[in-house]
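K.L.:
just need the structure, nothing else, for what follows:
(one chain, ligands or ions: 1)
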Amino acid sequence: MAKFYVTTPIYYVNDVASIGHAYTTTIADILARWHKLQGNKTFFLTGLDENSQKTIKAAEEKGFKDFKKYTDEMSEKWKNVWKELNISNDGFIRTTETRHRKVVKEFFEKMYKKGDIYKGKYEGLYCDGCEGYLTEKDLENGLCPYHKKPPKQISEENYFFKLSSYKKKILEHIEKNPDFIQPKTRKNEVTSFLKDEVKDVSVSRPGKEWGITLPIDKEQKVWVWYDALINYISGSEGNWPAELHLLAKDILRFHCVIWPAMLMSAGYKLPKQLFVHGFLTINGQKMSKSLGNAIDPLYLKKKYGLDAIRYFIAREIPFGQDGDFSEEGLKTRLNNELANELGNLVNRTIVMVEKYNNGKVPKGRVDSILQKKLNLDKIEKQMKEFELHHAIAEIFSFVGACNQFINEKQPWKQEEKERGNTLYSLADSLRIISILISAFIPATSEKINEKLGVKAGLLKDCKFNKLKAGTKTSKGEILFKKID
Ligand code: MSP
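P.N.:
Numbers count the residues shown, from 1 in each chain. Coordinates of the predicted model:
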């Protein structure tokens, strides 16, 4: 049985989840569910990055004196959003948990013993938004390209990690494992960064107020990124190494340069793969709290229904690239693809089975021409290559083929036996469609199963002619309401 351990970044608790965060988490959820469908041993981890200076700022702004209390409250909010969005994570890690602190301490001690940590002074730029050290080269018109703010000039005593001594090893690893960083454009970005001068990086900052105390110096706290990355191990419940880290391009260097080097230094295995996707934008700008254009996924759910959002996330944007989010686009896909295509197919099929066969699936065989319209190998390949938008489009092209099949066969004009074959073809195809969409829009899949009177299936059940004749169908509610 293959293993699949997938992670999302752990999100900052200075605010609630936007549809931008939901984007990564939903894609991770789709992939995790897809692997579960394949029968793989799947572990899906998400969580919260709580030891940031942003936490203090946000807590103070909201009048909290007790920062832990603030993060406890925020953590409930984030967990609730994931529940509302039908996220099937197996693990949830908070960096204020004892199990996390323990692993961070051990991890640091391993690197320290290896001789990779030394005391020094950092003089340079720091972006509070990134919680990261920047150089002049990183800026665009003097501003951090992601937060559109000028970074601070800081000068402080830190402990440093000898990142520079790992640059060659990471380059070698990337060369030997061409799929380590996906897509290729991101891999090239990392390689060219590594080929340039790579400086050592601070792994602690002075301060006593909040965060994890550095094991070798009580006056220092572990730099929040150093601590955050280790969540992938502290939250892994024994599943390390991860098969896949998902993240957006804003945090590429932390994940593709610093993290592998930390793992090499501390003597851990590297993750198998990192996929770096683009930004969900609004009018071309990244959606984010700091830019003031974030959209609440729960607002969208209330207005359009959850599966419309999940479907849109998978279908609209070629995975990896940036893509503009618009409610107009969401509405169009809901009305045209979910309601008109899928909703109609389900409704027509169930109504005809009721009308012509007393709500029982008739005996029959699936039409051989219709069978050929489903290209399962192609869908599996697209999922494997992270072309989720193509995979869902391919599934929906089969939905379209089924609708067309009804129009061509005109069951209302057919003889009973012929009509039996037509209706059986449709019901059995729907059973398969329901399995395939279950990773993307699981609630819709469940509703279809209920209507068809079948249990949830696995990918291995996507073979035709497996539906039992006589299965009792039920009409139930319509799947999607169109929105004007
Ligand atoms: N706490 C760090 C991550 C530590 S992981 C060891 C962090 N947190 S964050 O809250 O800012 O989340 C950033 C991540 O959220 C992005 O890399 C991406 O996965 C997701 N996204 C947030 N907004 C997004 C968009 N507008 N578009 C796409 N992804 C978005 O960085």
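
K.L.:
residues of the stretch 1-150 of the chain that sit close to the ligand?
P.N.:
Residues of the stretch 1-150 of the chain lying close to the ligand (CB under 6 Å from any ligand atom) are 9-12, 20-21, 23-24, 49. (C-beta placed from N, C-alpha, C; glycine too.)

K.L.:
go again with 8 Å.
P.N.:
Residues of the stretch 1-150 of the chain lying close to the ligand (CB under 8 Å from any ligand atom) are 8-12, 18-21, 23-24, 49, 52, 130-131.

K.L.:
could you do the stretch 151-300 of the chain as well?
P.N.:
So far as CB under 8 Å from any ligand atom goes, the stretch 151-300 of the chain lies against the ligand at 224-225, 228-229, 231-232, 246-251, 254-255, 259, 277-281, 286-288, 294.

K.L.:
can you tell me which of these are in helices?
P.N.:
Mapping those onto helices (DSSP state H) picks out 224-225, 228-229, 231-232, 259.

K.L.:
ok now stretch 358-368, how far from the chain's centre?
P.N.:
What separates the centre of stretch 358-368 from the centre of its chain is 38 Å, taken as CA atoms, centre = their mean, to the nearest Å.

K.L.:
how about it: buried residues?
P.N.:
Residues 359, 361-362, 364, 366-367 are the ones in stretch 358-368 that count as buried (16 or more other CB atoms under 10 Å).

K.L.:
need the CA coordinates for it. PDB is fine.
P.N.:
This file holds the C-alpha atoms of stretch 358-368, laid out as PDB (Å, rounded to 0.1, in the frame of the first residue of the first chain):
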ATOM      1  CA  ASN A 358     -40.900   2.100 -10.300                       C
ATOM      2  CA  GLY A 359     -37.700   3.600  -8.800                       C
ATOM      3  CA  LYS A 360     -35.700   0.500  -9.300                       C
ATOM      4  CA  VAL A 361     -32.600   0.300 -11.500                       C
ATOM      5  CA  PRO A 362     -33.600  -1.900 -14.500                       C
ATOM      6  CA  LYS A 363     -31.600  -4.800 -15.800                       C
ATOM      7  CA  GLY A 364     -29.200  -3.800 -18.600                       C
ATOM      8  CA  ARG A 365     -25.700  -3.300 -19.900                       C
ATOM      9  CA  VAL A 366     -23.900  -0.100 -20.300                       C
ATOM     10  CA  ASP A 367     -23.800   1.100 -23.900                       C
ATOM     11  CA  SER A 368     -20.300   0.400 -25.300                       C
END
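
K.L.:
contacting residues for the closest residue to the ligand within the chain?
P.N.:
As assessed by CB to the nearest ligand atom, the ligand sits closest to Gly20 within the chain, at 2.6 Å. By CB atoms under 8 Å, 6 or more residues apart in numbering, Gly20 lies in contact with 279-280, 286-288, 294.

K.L.:
out of those residues, who's the most crowded?
P.N.:
Leu280 (25 neighbours; other CB atoms under 10 Å).

K.L.:
just the pLDDT for that residue.
P.N.:
pLDDT for Leu280: 94.

K.L.:
what of Leu330?
P.N.:
95.

K.L.:
what do you get for Cys144?
P.N.:
pLDDT, Cys144: 92.

K.L.:
do Ala228 as well
P.N.:
pLDDT for Ala228: 98.

K.L.:
please identify the helix or strand for the closest residue to Pro297 other than its chain neighbours.
P.N.:
Of all residues not flanking Pro297 in the chain, Ala22 sits nearest, at 4.3 Å (CB to CB, 6 or more residues apart in numbering). Secondary structure from DSSP states H and E places Ala22 in helix 19-37.

K.L.:
how far off centre is the next helix or strand after that helix?
P.N.:
Per DSSP H and E, helix 19-37 leads on to strand 41-49 as the next helix or strand towards the C-terminus. The chain centroid and the centroid of strand 41-49 are separated by 10 Å under CA atoms, centre = their mean.

K.L.:
check which residues of strand 41-49 are buried.
P.N.:
Within strand 41-49, judged by 16+ other CB under 10 Å, the buried ones are 42-49.

K.L.:
what sits against the closest residue to Lys269 other than its chain neighbours?
P.N.:
Leaving aside its chain neighbours, Lys269 sits nearest to Pro241 (4.2 Å; criterion: CB to CB, 6+ apart). Pro241 sits next to 5, 268-272 when contact means CB under 8 Å, 6+ apart.

K.L.:
which of those residues are buried?
P.N.:
Taking 16+ other CB under 10 Å as the criterion, what is buried in the contacts of Pro241 is 5, 268, 270-272.

K.L.:
now find how far off-centre stretch 409-421 is within its chain.
P.N.:
Averaging C-alpha positions (CA atoms, centre = their mean) puts stretch 409-421 44 Å from its chain's average.

K.L.:
ok so, going back, which among the ones in helices among the residues of the stretch 151-300 of the chain next to the ligand gets closest to Lys455?
P.N.:
Of all those, Lys455 sits closest to Tyr232, with 34.3 Å by CB to CB.

K.L.:
one step back: out of the buried ones among the contacts of Pro241, list just those in strands.
P.N.:
In this view, these that belong to strands under DSSP state E are Tyr5.

K.L.:
dump the buried ones among the contacts of Pro241 to JSON lines, plus distance to Glu140.
P.N.:
Putting the buried ones among the contacts of Pro241 into JSON lines (distance: CB to CB, whole Å) gives the following:
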{"residue": "Tyr5", "distance to Glu140": "36"}
{"residue": "Tyr268", "distance to Glu140": "35"}
{"residue": "Leu270", "distance to Glu140": "31"}
{"residue": "Pro271", "distance to Glu140": "30"}
{"residue": "Lys272", "distance to Glu140": "33"}
